[in-house]
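Chemist: here is my input, please return the structure:
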Amino acid sequence: MVVGVDAGLTLLGVWAPVSSGRVGDAHGLLMVLGFVGTLVALERAVALGSPGGYAAPALLGVGALVLLVPGADRIVHLLLVAGAAGLCLVYVPLWRRQRDDAVLVSALGAVLALGGTVLVLGGADIPAALPWLAGFVVLTIAGERLELARLAMPPGAGASLVLLGLAITVGVAAATMWPRAGAAVLGLAVLLLAAWLATHDVARRTVRGEGLPRFAAACMLAGQAWLAVAGGIWLVAGHPADGAAYDALVHAVFLGFALSMIMAHAPSILPAVTRVPLPYRPTMWAPWLLLQVSLVLRLWGGDALGSDLAREVGGAGNAVALLLFFVVAAASTVRGAPAQRAAAPQPEVAR
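Modeler: Sure thing, here's the model as predicted:
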């Protein structure tokens, strides 16, 4: 994650701790497969409960770091393909254990990750593989939401999500073969998924609560809004390969949607993976707010209005928000659960 953030700052042309063209070129794969991919594969390996399941996160994590070694591109791509294939294999026993719609949708995401890594292995550039990598993140998180919030959803929600997952998978393949028309199909499917999340998820109700439920709901609602932005860009602009539309699309998906959802799930998912509690604290709102404000500045002021300063400041704010969240999370873990306030004595007890 840290190396990927450094690579993003290098691409922006702002100050980076280690300024290197090679690091900058590796930004996309470092963040999507190295950071998010390893995190997803690790969580699935823990759910599987078998030592063999840890091969997938190990291959993805090592493969992403080997990106920094000059002349190792072929080895890197083979490691990433093997890691994505390993993640697909992890879903086979998970599906046999529980033939569940949530597992099926997340497995479709893993298949898209494998397709994206195969494209890169075959010589495709990152913009060509973008729909596959984005589909991996989107479907994985959608499956997680179904798994975590199923009790609050209507009976047919899982089946409709599977259909949306299949539509996104078809749209990803179509966007690769016919960039303009296929991207419109993909954009429409993504917009429908964003509407599905907004309709069936519990965030609209729990945002009225307090503490962690309210924080998680705000993160999820923001993520759904950014996913709709990404769907709108695909629908209107087709499959951009560079420029402002490409920058806006990439960061609406991988920062606005994915990172907002990671923030929402961190207090529940990370303890399940690390076996270390992550208590909620109000300070978690600071990186979330910085992420949303800096993304608006980057996409609206930088990409839509063409201000290089807004793009650079917004991008730097994105990096600080990501790092700050993990600093806050680490500090909350070290401090432990907040002390509970003593309840006021009842009148009878006082007498």
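Chemist: what about residue 277, how many neighbours?
Modeler: Neighbour count for residue 277, taken as other CB atoms under 10 Å: 12. The C-beta positions use only the backbone N, C-alpha and C, and glycine is treated the same way.
Chemist: how about the secondary structure of it?
Modeler: coil (DSSP: H, G, I helix; E, B strand; the rest coil).
Chemist: next up, the contacts around it.
Modeler: The contact partners of residue 277, taken as CB atoms under 8 Å, 6 or more residues apart in numbering, are 271, 333, 336-337.
Chemist: again, but for residue 17
Modeler: For residue 17, the contact set (CB under 8 Å, 6+ apart) comprises 6, 9.
Chemist: before we move on, what about residue 304?
Modeler: Neighbouring residues of residue 304 by CB under 8 Å, 6+ apart: 244, 248.
Chemist: quick one: it from residue 296, how far?
Modeler: 10 Å (CB to CB, to the nearest Å).
Chemist: shared neighbours, those two?
Modeler: Applying CB under 8 Å, 6+ apart, one finds that no residue jointly contacts residue 304 and residue 296.
Chemist: what about the spatially closest residue to residue 168 that is not a sequence neighbour, how many neighbours?
Modeler: Of all residues not flanking residue 168 in the chain, residue 189 sits nearest, at 4.6 Å (CB to CB, 6 or more residues apart in numbering). With neighbours defined by other CB under 10 Å, the count for residue 189 comes to 26.
Chemist: now residue 152
Modeler: Burial of residue 152 is recorded as 13 neighbouring residues (other CB under 10 Å).
Chemist: and the nearest residue in space to residue 15 that is not next to it in sequence, which of the three is it?
Modeler: Closest residue in space to residue 15, ignoring its immediate chain neighbours: residue 9 at 6.8 Å, by CB to CB, 6+ apart. Residue 9 carries the three-state label helix when classified by three-state DSSP.
Chemist: flag the shaky bits of the stretch 251-351 of the chain, pLDDT-wise.
Modeler: 339-351 (pLDDT under 70).
Chemist: quick one, helices of it?
Modeler: In the stretch 251-351 of the chain, the helices defined using DSSP state H, counting those that start in this stretch lie at 258-274, 285-296, 308-335, 347-350.
Chemist: tally of neighbours for the nearest residue to residue 44 once chain neighbours are set aside?
Modeler: Using CB to CB, 6+ apart and skipping residues adjacent in sequence, the residue nearest residue 44 is residue 90, 5.0 Å away. By other CB under 10 Å, the residues close to residue 90 number 24.
Chemist: residues contacting residue 90?
Modeler: 41, 44-45, 48, 53, 56, 110.
Chemist: any chance of the contacts of residue 277 in a markdown table, plus distance to residue 103 and neighbour count?
Modeler: Formatted as a markdown table, these follow (distance: CB to CB, whole Å; neighbours: other CB atoms under 10 Å):
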| residue | distance to residue 103 | neighbour count |
| --- | --- | --- |
| 271 | 21 | 14 |
| 333 | 29 | 15 |
| 336 | 34 | 9 |
| 337 | 32 | 11 |
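Chemist: which of those sit farthest apart?
Modeler: Spanning the widest gap among those are 271 and 336, at 12.3 Å by CB to CB.
Chemist: does residue 299 really touch residue 249, like I thought?
Modeler: No - with contacts defined as CB atoms under 8 Å, residue 299 does not count as touching residue 249, sitting 9.5 Å away.
Chemist: if I pick residue 169, what's in contact with it?
Modeler: Shown in contact with residue 169 (CB under 8 Å, 6+ apart): 108, 111-112, 135, 139.
Chemist: where does it land in three-state SS?
Modeler: Residue 169 ends up helix, using three-state DSSP.
Chemist: quick one: it and residue 185, what's the gap?
Modeler: For residue 169, the distance to residue 185 - CB to CB - is 11 Å.
Chemist: same question for residue 151.
Modeler: Distance of residue 151 to residue 185, computed by CB to CB: 32 Å.
Chemist: and what of residue 99?
Modeler: 28 Å.
Chemist: give me the more crowded residue out of the two.
Modeler: residue 185 (20 against 9).
Chemist: pretty sure that one contacts residue 171?
Modeler: Yes - the criterion here is CB under 8 Å, and residue 185 meets it with residue 171 at 4.4 Å.
Chemist: which residue sits closest to the residue most central in space within the chain, ignoring its sequence neighbours?
Modeler: In the chain, the centroid-proximal residue (CA atoms, centre = their mean) is residue 258; its distance is 2.6 Å. Counting by CB to CB, 6+ apart, residue 137 is the residue found nearest to residue 258 once chain neighbours are left out, at 4.9 Å.
Chemist: what's near enough to touch the closest residue to residue 202 other than its chain neighbours?
Modeler: Using CB to CB, 6+ apart and skipping residues adjacent in sequence, the residue nearest residue 202 is residue 152, 4.4 Å away. Taking CB under 8 Å, 6+ apart, we find residue 152 in contact with 201-202, 205.
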